Structure formats: C-alpha cells, structure tokens
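K.L.:
Dropping the sequence and predicted coords here.
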Amino acid sequence: MNRTNTEKPKAQLRALVTGATGFLGQHLCQQLQQQGWQVLALCRSLEKAQGLASGVEIIVGDILAPDKFVAKLPVALDAIFHTAASTNTWFKNNDLQTRTNLVGTKNMLAIADRLQVKRYIHVSSVVVFGIHTTLQNIHEQMPKSGADSSINYVKTKTACEKTVLAAANIDAVIINPTHIIGPGDRHNWARLIKMIAEQKLPSIPNGAGSFVDVRDVAAGIIAAFHAGRTGQNYLLGGTDLNFKQFVHKVAAKLGVKATAVQLPTVVLRVLA
C-alpha cells in the first residue's frame, strides 16, 4: 500500500518545535510525544526546558542565531512547528520583536528548505485578519488587514505570513488561533484570572473575543500537519464571549464574586 509522507507510522515521525518552553509549545510537545512522535524542542537554555515532558530531546539554540544549532538537527525531519514569537505590545520592544518574529521566521524557513523538511506549520494569530470580537464574521479567505495596524505585533505577524506563503519549495500551513487559555499559562490571561481570584481586578474593559483551550490548539496544529492544505490558513477558535461574560464565568468557577465594574473605553484610557 502506498503512503504519503504524512501517513508514515506515527513512531517514525520526527518534529522540531520552536517556542517549545512557551505556553502553547509545551502542550504541543506533550501531545506530539503522546502520539508517538520523536520531539526535538528548540530552547534558549536548559533551564527554560525544565518543564518539558520527559523524553523530549532538547536542542539549545535561538531562532535568531540558527548557525549555532542547525548542525545539531537531524537531516530527516518530518515537520517544523514554529510557535516561537514575541507577543509583547510595548512599543520600546518593537525592534527586537520585529527581529524575533520576522527574521526568526525567515531563519526557520531557511532551515526547512536546507533540510528538506516535509511540512512547515507556522503558528500565527487571528489578529492578521484585523480586530474581531467573534468568529461569526471572520473566515480564512477574507483579506488580511493586519499590515495596516499601528500595533507592531500585528504587523509583524502579518509580515511573517506573507514571508511563509512566498517561500519556494516549502510545504507550509498557517494556524491562526484566537485567545488561548488553559492550564500552564503563566502570563497572558493567567494574570487577569489571578486578579479575578484575588478580587483585585479594577475594571472590566469593553470588548469581546473567541476563547480556545490550549489543548485544542495543540491538537489542531497536529491535525494541520496530517490534513492541512498547503498554503492554507486555519482559524482555531472556541467560545465567543465579551469580557464581562468572561470575567463572570471565571469568577463563578473560582467561587468568588466578580467585583469589577465595566467602564467605557474612553474612561479606561484616561485612568491608564
């Protein structure tokens, strides 16, 4: 029986995961390993790799210095899962963020080409499609307005996608998660949840979004390797909630009272 490259026995599949010590990266490594993959995790230091699942092979390196780790990689890689990115929105970090996101992506694409990696899975974000409060009015074929954003993170993620799609000889699939929540989050939404738990949330901002479990995102990324179409974007979202609903649902789960009040955006800007 003939098999395609993505249909080989699972035990033979070998992947490099960037951003492996991050919130999503750790879950992705764990699920890959549970499915029989040989997982190579790119980490900037051994200390940062302490939380990874046992059996994951650590490759110490930085996506901005590929020459220092590329020789450590095996010639036969079935996939590169590129989850590493700077999500900082502080404008003083824009230069580093641009290098990390855009140059880092170019470096990983070069490695994928050099090693003839079977498939490159690029983890982007829903923000490339603009600011949307629900998945009901967004789809993968709509124009990407992120290039016009005043937020550097949004601009760089959009530029990264353009770079990925323009790369010759690369079988690439792009993943666009919405707001990722779940176990293991030490930053992002965890900070908000901690304030809710301690009843220290000063106010609830206006706005809404789609919230998705990190474990579902990891599973979706792996599914994209097996079944995704080359050059296609895939939105990964979950439950649509406005921020007031989110805060009250979290408070109910924690058994505390949601004491924060919702203020108009203009008031929040003045207070900030």
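P.N.:
Received it, and whenever you're ready, just let me know what you need.
K.L.:
Would you map the strands across the protein?
P.N.:
Using DSSP state E, the strands found in the chain span residues 14-18, 38-43, 57-60, 79-82, 119-123, 172-177, 179-181, 203-204, 208-213, 233-236, 239-242, 261-262.
K.L.:
and among these, the most buried is which?
P.N.:
strand 79-82 (a mean of 28; mean count of other CB atoms under 10 Å). All C-beta spots, glycine's among them, are computed from the backbone N, C-alpha and C.
K.L.:
Not counting it itself, show me its contacts.
P.N.:
13-19, 28, 32, 105, 108, 111-112, 117-123, 221, 225 (CB atoms under 8 Å, 6 or more residues apart in numbering).
K.L.:
now with 6 Å?
P.N.:
Contacts to strand 79-82, defined as CB atoms under 6 Å, 6 or more residues apart in numbering, come from residues 15-18, 108, 112, 117, 119-122, 225.
K.L.:
Looking at the residues you listed, spot the one nearest residue 217.
P.N.:
Of all those, residue 121 has the smallest distance to residue 217: 11.7 Å, by CB to CB.
K.L.:
so the closest one touches residue 173, yeah?
P.N.:
Yes: in this structure, residue 121 is within contact of residue 173 by CB atoms under 6 Å, at 5.4 Å.
K.L.:
what touches both of the two?
P.N.:
Listed as contacting both residue 121 and residue 173 by CB under 6 Å, 6+ apart are residue 224.
K.L.:
All the helices of this structure, in order from the start?
P.N.:
Applying DSSP state H to the chain gives helices spanning 23-34, 94-98, 104-114, 152-166, 188-197, 214-227, 243-254, 265-271.
K.L.:
follow-up on the earlier one: closest to residue 182 among the contacts of strand 79-82?
P.N.:
residue 17 (17.4 Å).
K.L.:
Go ahead and confirm the closest one touches residue 41.
P.N.:
Yes: the pair residue 17 / residue 41 is scored as a contact, 5.3 Å apart, by CB under 6 Å.
K.L.:
got any residues that touch both of the two?
P.N.:
Joint contacts of residue 17 and residue 41 (CB under 6 Å, 6+ apart) are residue 29.
K.L.:
could I get the contacts of strand 79-82 as a markdown table with pLDDT and distance to residue 179?
P.N.:
Listed next are those as a markdown table, based on pLDDT from 0 to 100; distance: CB to CB, whole Å:
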| residue | pLDDT | distance to residue 179 |
| --- | --- | --- |
| 15 | 98 | 25 |
| 16 | 98 | 26 |
| 17 | 99 | 22 |
| 18 | 98 | 21 |
| 108 | 99 | 25 |
| 112 | 98 | 28 |
| 117 | 98 | 30 |
| 119 | 98 | 26 |
| 120 | 99 | 25 |
| 121 | 99 | 20 |
| 122 | 99 | 19 |
| 225 | 99 | 23 |
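K.L.:
Could you give me the buried positions within stretch 135-145?
P.N.:
Within stretch 135-145, the residues scored as buried using 16 or more other CB atoms under 10 Å are 135, 138, 144.
K.L.:
I'd like these as CSV, with distance to residue 61 and pLDDT appended.
P.N.:
Listed next are those as CSV, based on distance: CB to CB, whole Å; pLDDT from 0 to 100:
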residue, distance to residue 61, pLDDT
135, 36, 76
138, 35, 87
144, 30, 92
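K.L.:
Of these, just say which sits nearest to residue 188.
P.N.:
Taking the buried residues of stretch 135-145 together and measuring to residue 188 by CB to CB, the closest member is residue 135, at 19.1 Å.
K.L.:
For the closest one, give me its contacts.
P.N.:
Going by CB under 6 Å, 6+ apart, residue 135 touches 210, 237.
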